[in-house]
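Participant: Provided below for reference: sequence and predicted model.
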Amino acid sequence: MFEFFLDEPEKINSALYWLRSYMNTLMAEPYGLAPEFMNIIVLIHGTEIVTLAKKNYPKYQSAVNRMMYYEQLGVEFRVCGDAARDFGYSADDFYSFVKIIPSAMVELAHWQNKGYAIIRPLVFEKKHSIEDIR
């Protein structure tokens, strides 16, 4: 389970790279897993929730298209219902591939109790080039 709880909506692009890296590694040897057998859930409950509101598609088109692609590979995208209400959204505001769940905290505990690992992408702002700090 990937937990997205980001302080800036635009950081979802970097968080999605974590998902891509995870999936690409599992598809390669020595794992050789097909995506549909990975059982990946992405739980969204930070400011990035706005990227999944249909009305915001022009602004977050790239991220939405990537999420739609991952959904076709079997990744489940879940949005915290409490967070959705905090942002003034209802289920109709989101894409059809998004599942609204009651509470992110309960969802995290539920899946952790079922043996899922929780992966929290850390997305930092790059302030220095590699050359400057090397």
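Facilitator: It's in. Remember, predicted model here, so these are calculated numbers, not experimental data.

Participant: and Lys126, what pLDDT?
Facilitator: As predicted, Lys126 sits at a pLDDT of 77.

Participant: Kindly tell me how buried it is, as a neighbour count.
Facilitator: Around Lys126 there are 7 other residues, counting by other CB atoms under 10 Å. Every residue, glycine included, has its C-beta placed from N, CA and C.

Participant: what helix or strand is it on?
Facilitator: Lys126 is part of no helix or strand when elements are defined by DSSP states H and E.

Participant: Give the phi and psi angles for it, as a check.
Facilitator: Phi and psi for Lys126, reported as degrees, to the nearest 10, are phi -80, psi 120.

Participant: Buried ones in the helix or strand in which Leu26 is found, by neighbour count?
Facilitator: Element membership for Leu26 (DSSP H and E) is helix 12-27. Across helix 12-27, burial judged by 16 or more other CB atoms under 10 Å covers Ile12, Ser14, Ala15, Leu16, Trp18, Leu19, Met23.

Participant: Can you tell me which helices and strands the helix or strand following that helix packs against?
Facilitator: Toward the C-terminus, helix 12-27 is succeeded by strand 41-44 as the next helix or strand (DSSP H and E). Under the contact criterion of 3 or more CB pairs under 8 Å, 6 or more residues apart in numbering; DSSP states H and E, strand 41-44 touches strand 2-4, strand 76-80, helix 104-113.

Participant: Save the ones you listed as a markdown table, and put in mean pLDDT and mean neighbour count too.
Facilitator: Formatted as a markdown table, the helices and strands packed on strand 41-44 follow (pLDDT from 0 to 100; neighbours: other CB atoms under 10 Å):
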| stretch | mean pLDDT | mean neighbour count |
| --- | --- | --- |
| strand 2-4 | 98 | 22 |
| strand 76-80 | 98 | 21 |
| helix 104-113 | 97 | 15 |
